[in-house]
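Trainee: Prediction below, plus the sequence it came from.
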Amino acid sequence: MGGKRGGLSRWALLRLGAVCACATLALICLLKAQPGYAEPTATAGSAAPGSASPEASVTAAPETPTPLPTPSPTPVPDRYGDLLLKPGDEGDAVISLQMRLQDLGYYNYKITGSFGSVTKQAVMDFQEDNKLSQDGVVGGHTASMLYANGATRSLYNRRIPTPTPTPTPKPTPKPDNSIPKYGKLIEWADANKLAPRGTTFKVKDFKTGRTYNVYRMGGNKHMDVEPKTKEDTAQMKASMGGSWTWVRRPLLVRLKGTWYAASLYGEPHGQQTIHDNNMDGQVCIHFLNSRTHGTNIKDPDHQRCIRQAAGQ
């Protein structure tokens, strides 16, 4: 036959291909007839006809969450806004108040837990130094300043410097003929203005005639004073007979060139600002209608001595 080349002829090849195709088709039919046969599916990497390729698909970006609003801070309440301590109160709050006043130099008495006249006066002194209304009541504003870390200490020891002593000879006291026998009566409110804190002035003991200088270091209902020097302390003590005494003594006080009638309480007590005058503490000088700090009364013995010094 034509077309044969040293092997199978083209015709033979075609027949062989047809036989193989039939055999393959028969095998496929046989497989489909088997139980559990399933059509093959496309692999994960293949794409269905007509569908977009994986590279062509676009992944949606995740949505940005809306931030939650920042809550406003809750205002911190005033610790002392509701605090109110007044004369007559008792308890732990009063103990705390007295301890704080004592620490700042305003309260010089024992801790009692009872809001009495001494505690009230200490509160008023603190209010005076801090330019507050001097009502002696511890409300929110006073308490906030009182318990603050930088609370003002008693101004007795801060605005009144301790004077530097100057050595002087001890002259023999001579009577001062320029001093009148009696002094003029002056209301406490007026005397308080003539000799504010920090003033030095001369006094004369009405009975002995001894004179000495004193320094006003405080007081708001009468004057709290100290002898200016050791020599002044010696003269004051000598005028009392050589020992301190609580007995009131009539006194003359020279303020702005005029001598006024006064009364002395000569028992040293309380605070001091001069530490080299041989006296520990202070003494009190009263004028017409002045009052005591502790009991807030017009002491009758002081008022009697004042009128005696005025020649009445």
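Mentor: Structure received.
Trainee: Flag every buried residue along the particular helix or strand that has residue 212 in it.
Mentor: Per DSSP states H and E, residue 212 falls inside strand 211-218. Buried residues in strand 211-218, defined by neighbour count with 16 or more other C-beta atoms under 10 Å: 211, 212, 213, 214, 215, 216, 217, 218. For the C-beta atoms, the positions are set from N, CA and C on the backbone; glycine is no exception.
Trainee: quick one: residue 201 and residue 258 touch, right?
Mentor: No: with contact defined as C-beta atoms under 8 Å, residue 201 does not count as touching residue 258 (10.8 Å).
Trainee: Between these two, tell me which one has more neighbours.
Mentor: For residue 201 versus residue 258, neighbours defined as other C-beta atoms under 10 Å are more numerous around residue 201 (18 against 12).
Trainee: Can you tell me which of the buried residues of strand 211-218 lies closest to residue 92?
Mentor: Nearest to residue 92 out of the buried residues of strand 211-218 is residue 218 (C-beta to C-beta; 29.5 Å).
Trainee: residues touching the nearest residue to that closest one once chain neighbours are set aside, list them.
Mentor: Distances taken as C-beta to C-beta, 6 or more residues apart in numbering put residue 224 closest to residue 218, at 4.3 Å, once the chain neighbours are dropped. Residue 224 sits next to 216, 217, 218, 270, 271, 282, 283, 284 when contact means C-beta atoms under 8 Å, 6 or more residues apart in numbering.
Trainee: now the residues you listed as TSV including distance to residue 107 and pLDDT?
Mentor: Shown next, in TSV, are these (distance: C-beta to C-beta, whole Å; pLDDT from 0 to 100):
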residue	distance to residue 107	pLDDT
216	21	96
217	17	93
218	14	91
270	11	88
271	11	88
282	15	94
283	20	96
284	18	96
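Trainee: helix, strand or coil for residue 297?
Mentor: Per DSSP: H, G, I helix; E, B strand; the rest coil, the secondary structure class of residue 297 is coil.
Trainee: Distance check, it against residue 282.
Mentor: Using C-beta to C-beta, to the nearest Å, residue 297 is found at 20 Å from residue 282.
Trainee: Phi and psi next, for the residue nearest to residue 218.
Mentor: When read as degrees, to the nearest 10, the backbone of residue 224 gives phi -100, psi 120.
Trainee: Which residues does it form beta bridges with?
Mentor: On the basis of DSSP bridges, residue 224 is bridged to residue 218, residue 284.
Trainee: Now stretch 109-129: average pLDDT?
Mentor: Average pLDDT, stretch 109-129: 92.
Trainee: what about the helices in the stretch 51-200 of the chain?
Mentor: Ranges of helices in the stretch 51-200 of the chain, per DSSP state H, counting those that start in this stretch, are 92-103, 117-129, 140-146, 188-194.
Trainee: Deepest in the core, which of the ones you listed is it.
Mentor: helix 117-129 (a mean of 21; mean count of other C-beta atoms under 10 Å).
Trainee: With only the CA atoms kept, save that helix in CSV.
Mentor: Extracted C-alpha coordinates of helix 117-129, given in CSV (Å, rounded to 0.1, in the frame of the first residue of the first chain):
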residue,chain,number,x,y,z
SER,A,117,-13.7,81.7,123.7
VAL,A,118,-10.0,81.0,123.5
THR,A,119,-10.4,78.9,120.3
LYS,A,120,-12.6,81.6,118.9
GLN,A,121,-10.0,84.3,119.6
ALA,A,122,-7.3,82.1,117.9
VAL,A,123,-9.6,81.7,114.8
MET,A,124,-10.1,85.5,114.7
ASP,A,125,-6.4,86.1,114.9
PHE,A,126,-5.8,83.8,112.0
GLN,A,127,-8.6,85.5,110.0
GLU,A,128,-7.1,88.9,110.8
ASP,A,129,-3.7,87.9,109.5
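Trainee: got the angle between that helix and strand 211-218?
Mentor: Interaxial angle, helix 117-129 versus strand 211-218 (axes from the mean of the first three to the mean of the last three C-alpha atoms, to 10 degrees): 80 degrees.
Trainee: just checking, what packs against helix 117-129?
Mentor: For helix 117-129, the packing partners by 3 or more C-beta pairs under 8 Å, 6 or more residues apart in numbering; DSSP states H and E come out as helix 92-103, helix 140-146.
Trainee: Which elements pack onto the first one?
Mentor: Counting contacts by 3+ C-beta pairs under 8 Å, 6+ apart, helix 92-103 packs against helix 117-129, helix 140-146.
Trainee: Of all the helices and strands packed on helix 117-129, which one is nearest residue 293?
Mentor: It's helix 92-103; of the helices and strands packed on helix 117-129, that one is closest to residue 293 (C-beta to C-beta) at 13.7 Å.
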